[in-house]
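Colleague: Make a model of this:
(2 chains)
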Amino acid sequence: MSGTPPMAKRMADIVALCKRRGFLFQSSEIYGGLNGFWDYGPLGVELKRNIKDAWWRDMVLGHNELDAPAGAPSAYEMTGLDATIIMHPQIWKCSGHYDLFHDFMVDCRESKKRYRHDQVRGRWAEFEGERIFVATTVEAAEEDEDTRRRAMKHFKLRPKDAERLALSDTFTSLDRVDDMTRVLGPDAKSLGTLTPPREFNLMFKTFVGALSGEEGAAFLRPETAQGIFVNFKNVVDSTRVRVPFGIAQIGKSFRNEITPRNFTFRSREFEQMEIEFFCRPTTSAEWYRYWRDRRMRWYLELGLGGDRLRLREHDRDELSHYSTGTADIEYAFPFLPPGEFGELEGIAHRGDFDLRSHMEGKLDPATNPLRLEVDSDGKPRWRGSGKDLSYRDDLTNDRFVPHVIEPSAGADRAALAFLCEAYHEDEAPDEDGVMRKRAVLRFHPRLAPIKAAVFPLVKKDGMPEIAKEVYSTLKRRLSVFYDEKGAVGRRYRRQDEAGTPYCITVDGQTLVDRTVTLRDRDSLEQCRIRIDDCVSEIETRIGGA
RNA sequence: GCGGGUGUAGCUCAAUGGUAGAGCGUUGGCUUCCCAAGCCAAACACGAGGGUUCGAUUCCCUUCACCCGCUCCA
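Modeller: Below is the predicted model:
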């Protein structure tokens, strides 16, 4: 490990703790693992469930539609949805994923660079009967100069011989070139270094029906959002919700990442927590700001903070043409270089792109106002559903296609961020007063997999019996853990590593007055409370902490 | 996808072309009235496949996974 940067070492410690205590395991580990897939162990599943439950409660169930929350333009409604992972294949064509995720890539054996096949352009150059295709990826304004210069260099021509080089006037896409051996790669010095185009399927393909022919081909969803858009009309027709309102969904999504890396950060199977919030076009900018700030505050409330969490508003040139705003909530994960942040959640103003694409056919995101994307015959590139997804306000009687604000969060990334944020090493004195290192996960009590542990101080004098009684009472309401084995100090430390915020210990005085000690994970302080107050005390601390 | 590194017990690490060890952790027992204590005992490992060899955890090849750097990142 020599030479390992301190933060990478810290990340390695976190990964080791996750495995040791049962937060995260590599998927299929006994068979050697599977790249980009991770399993949640007994503690991890509780952590992730708590995160998802907190999100659902705070965004959906706990939302009061009767009052406008602070910062919101008006009161609004929230509802939930659970759509299938496999949906009609046309959905991904209209959403844009099919085009974006079905790239043909070429690799350059010389420069080791990888290009999207359709994004490499170039033109033919001929000198003394030898004809080569000079490829480039520079901006259109510089194409002429770049390809001319590199063609000259390839044929070892001096400036005065420039007119002996025949250059075609038109630039074409690399996908029009059949013979890759005649291609000079954008960053190559020798000819024919590009591999033949290879298909990259960023969406997982599967087959519906027992007979697996292309007509049954379908995809595992690469995002949960489309399940919401295609159910927009169903929700409006069945629930009496009125714009503005949001539909929330938690579920698995799948992307065939080219390079899964960084523990669970870029997994191929992952879970999203998404809201599509539908509002009037005229108020969409205000709603965008509300959701951006609301979502940022949610992470802060659950303990992510300091300079490791930031809200990054996208620059204008990063935005889609139709969008008036996109922000990322980002966390400085320990595996990233100092100063770099990884995305936890994106909050995007999506205009009416999605609903209209599912009505009319895929729109061209490069246009504003949005126009239908057409093929060379002027026909829609991808046909929409043809269904009317506009919304009629029956009070004002006007009809419009709602605009959408999309807060899209990664549940696994949130879990990883909360784990990294919670991880602390500190020193605490042992019974001889010697300082010993301890690892402690300082989860927000709402997120902690185990809320409290119950111990008899020693395994005799009737203490286990009372402790079991306390445990049984708590277990009806809370995730708790009972432990009577070994020294009490070791039991405390075990709970510290699991992130358990409170430990309740039955001791000699309990036998006298039915009080127990309540030990705080972070301060190590203890106070005495009555056995009968245990449930309310812990619940108060979790709720109010 | 490319280059480099690493795979030995749950974890951290040894050793070895010929019976694979330790510390910590885990489990059981004893002791123990507050922060990984002590004593006794036990279980658990050479990532996978192939090759060389009388014999491979060790040497070679392939593969898988993880880490670092590039590349990619809707």
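Colleague: Which residue is most remote from the mean position of chain A?
Modeller: In chain A, the residue that sits farthest from the middle, by Cα atoms, centre = their mean, is residue A:160; the gap is 56.0 Å.
Colleague: And what about that residue, helix, strand or coil?
Modeller: helix (DSSP: H, G, I helix; E, B strand; the rest coil).
Colleague: Give me the distance between it and RNA strand B.
Modeller: Going from residue A:160 to RNA strand B by Cβ to the nearest atom of the strand, to the nearest Å gives 36 Å. Heads up, the C-betas are built off the backbone N, CA and C, glycines and all.
Colleague: Contacts only, for that residue.
Modeller: By Cβ atoms under 8 Å, 6 or more residues apart in numbering, the contact list for residue A:160 is empty.
Colleague: For it, give its distance to residue A:529.
Modeller: 94 Å (Cβ to Cβ, to the nearest Å).
Colleague: got the contact list for residue A:19?
Modeller: Residue A:19 neighbours (Cβ under 8 Å, 6+ apart): residue A:25.
Colleague: Now it: which helix or strand?
Modeller: Per DSSP states H and E, residue A:19 falls inside helix A:6-21.
Colleague: Which helix or strand lies directly C-terminal to that helix?
Modeller: Toward the C-terminus from helix A:6-21 - assigned by DSSP H and E - lies strand A:24-26.
Colleague: Partner strands of whichever helix or strand comes after that next one, with direction?
Modeller: Following strand A:24-26 in sequence order, the next helix or strand is strand A:38-40 (DSSP H and E). Partner strands and pairing direction for strand A:38-40 (DSSP bridges) are strand A:24-26 (antiparallel).
Colleague: what stretches of the stretch 351-500 of chain A score poorly on pLDDT?
Modeller: Along the stretch 351-500 of chain A, segments meeting pLDDT under 70 span A:427-437.
Colleague: Please enumerate the helices of chain A.
Modeller: Ranges of helices in chain A, per DSSP state H, are A:6-21, A:42-56, A:89-95, A:97-101, A:140-154, A:225-229, A:232-239, A:284-301, A:353-360, A:411-422, A:463-475, A:488-498, A:508-513, A:534-544.
Colleague: At the geometric centre of chain A, which residue sits there?
Modeller: Centre-nearest of chain A using Cα atoms, centre = their mean is residue A:410, 2.9 Å out.
Colleague: Number of residues surrounding the one residue in the stretch 251-400 of chain A that gets nearest to RNA strand B?
Modeller: Proximity of the stretch 251-400 of chain A to RNA strand B (Cβ to the nearest atom of the strand) peaks at residue A:255, 3.4 Å away. A count of nearby residues for residue A:255, using other Cβ atoms under 10 Å, gives 21.
Colleague: Please name the nearest non-neighbouring residue to it.
Modeller: residue A:222 (5.0 Å; Cβ to Cβ, 6 or more residues apart in numbering).
Colleague: so how many other residues sit close to the one you found?
Modeller: Neighbours of residue A:222 (other Cβ under 10 Å): 21.
Colleague: got a pLDDT number for it?
Modeller: Predicted confidence (pLDDT) for residue A:222: 93.
Colleague: for residue A:182, same thing?
Modeller: Residue A:182 is assigned a pLDDT of 83 by the prediction.
Colleague: Could you do residue A:1 as well?
Modeller: 31.
Colleague: hang on, the earlier thing: let me know whether the residue of the stretch 251-400 of chain A closest to RNA strand B touches residue A:201 as I believe.
Modeller: No - contact between residue A:255 and residue A:201 fails when scored by Cβ atoms under 8 Å: they sit 10.1 Å apart.
Colleague: Need the overlap of contacts for the two.
Modeller: residue A:101.
Colleague: Please name the residues that touch the residue of the stretch 251-400 of chain A closest to RNA strand B.
Modeller: A:101, A:202-204, A:222, A:268, A:270.
Colleague: Next, give phi and psi for it.
Modeller: Backbone torsions for residue A:255, taken as degrees, to the nearest 10, come to phi -140, psi 130.
Colleague: shaky segments in chain A?
Modeller: In chain A (pLDDT under 70), the answer is A:1-8, A:103, A:109-113, A:198-199, A:212, A:427-437, A:544-545.
Colleague: Quickly list the domain ranges of it.
Modeller: A:7-101+A:204-370+A:382-418, A:104-200, A:436-543 (automatic domain parsing).
Colleague: between these, which gets nearest to residue A:424?
Modeller: domain A:436-543 (5.1 Å; Cβ to Cβ).
Colleague: got the contact list for the nearest residue to residue A:308 once chain neighbours are set aside?
Modeller: In this structure, residue A:308 finds its nearest non-sequential neighbour in residue A:332, 4.3 Å apart by Cβ to Cβ, 6+ apart. Contact partners of residue A:332, counting by Cβ under 8 Å, 6+ apart, are A:307-310, A:339-342.
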